[in-house]
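**Student:** predicted model follows, preceded by the sequence.
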Amino acid sequence: MDPATTKPLRADARRNRDAIVTAARQVFEQDGIFAPIDGIATAAGVGNATLYRNFPTRDDLLAAVMTEAFQAALDDSRELEDLPAGEALAEWMFRVTWQLRIWQNLPTCIAGAIGDEDSPVSAVCTGLTERTAAFLARAQADGAATDAASAEDLFQLLTSVSWGVDRFGDDRHRARDRVRLATAGVFR
């Protein structure tokens, strides 16, 4: 569907959609991304038909929740542009890893979506990968990072590290150490 030709949602339809996304985020935080969809509909106060009319697949719903959650990370990343290039890349990699660990099994879903152009989750990952590319290119141009990895490689690595951060229950300090160790080969 072309967003330019899509009619805006009615107020009640917008409220339902927003309620579903909010409920999904809460359920994903509590039970992980493979939580029963029926429970999300119930938590949102809507029927299953309303949920599926808005989000035909779990990936459609997950992408909507991810878009909302990751847009803030993308917006906040602008403040990193004032840091030296290597520091900015290192901080961005930590933030991506920390963000990706927020819902149990999210890294698994992302790994399955990478390279699948039809996946709505892949589209969300593209935004994060593009921002990673910008920080990486700046660090490479500054001589702070090697040319050993592409932004796609780096995003896949951060996705893997986020799985470890989640599974080992890392706090922010331990997660930062884990990211630093995992990405040491990126820096000169």
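**Tutor:** Cool, the structure landed.

**Student:** give me the spatial nearest neighbour of residue 123, chain neighbours excluded.
**Tutor:** Excluding the flanking residues, the one nearest residue 123 by C-beta to C-beta, 6 or more residues apart in numbering is residue 63, at 6.6 Å. All C-beta atoms are positioned from the backbone trio N, CA, C, and that covers glycine.

**Student:** repeat that for residue 147.
**Tutor:** Nearest residue to residue 147 in three dimensions, chain neighbours excluded: residue 140, at 6.0 Å (C-beta to C-beta, 6+ apart).

**Student:** what's the following helix or strand after whichever strand or helix holds the residue nearest to residue 123?
**Tutor:** If you go by DSSP states H and E, residue 63 is part of helix 58-76. Note on helix 58-76: by DSSP H and E, the next helix or strand toward the C-terminus is helix 85-100.

**Student:** by contact count, what packs against the following helix or strand past that following helix?
**Tutor:** Later in the chain than helix 85-100, the nearest helix or strand by DSSP H and E is helix 106-113. Packing partners of helix 106-113 (3 or more C-beta pairs under 8 Å, 6 or more residues apart in numbering; DSSP states H and E): helix 58-76, helix 85-100, helix 120-141, helix 151-167.

**Student:** who touches residue 96 in this structure?
**Tutor:** By C-beta atoms under 8 Å, 6 or more residues apart in numbering, the contact set of residue 96 is 73, 128, 132, 155, 158, 162.

**Student:** make it 10 Å
**Tutor:** 70, 73, 77, 128-129, 131-132, 135, 154-155, 158-159, 161-162, 179 (C-beta atoms under 10 Å, 6 or more residues apart in numbering).

**Student:** most surrounded residue in the residues you listed?
**Tutor:** Within the contacts of residue 96, most neighbours by other C-beta atoms under 10 Å means residue 158, with 27 neighbours.

**Student:** report pLDDT for that residue.
**Tutor:** Listed pLDDT for residue 158 reads 97.

**Student:** the one 10 residues further on too?
**Tutor:** Model confidence at residue 168, given as pLDDT, is 95.

**Student:** contacts only, for it.
**Tutor:** Neighbours of residue 168 in contact, by C-beta under 10 Å, 6+ apart: 101, 174, 175, 178.

**Student:** now swap in residue 78 and tell me
**Tutor:** Residue 78 touches residue 131, counting by C-beta under 10 Å, 6+ apart.

**Student:** how close does it sit to residue 54?
**Tutor:** Plainly put, residue 78 is 31 Å away from residue 54 if you go by C-beta to C-beta, to the nearest Å.

**Student:** before we move on, the earlier item: could the contacts of residue 168 go into CSV alongside neighbour count?
**Tutor:** Converted to CSV, the contacts of residue 168 look like this (neighbours: other C-beta atoms under 10 Å):
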residue, neighbour count
101, 22
174, 12
175, 21
178, 18
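
**Student:** all good on my end, thank you.
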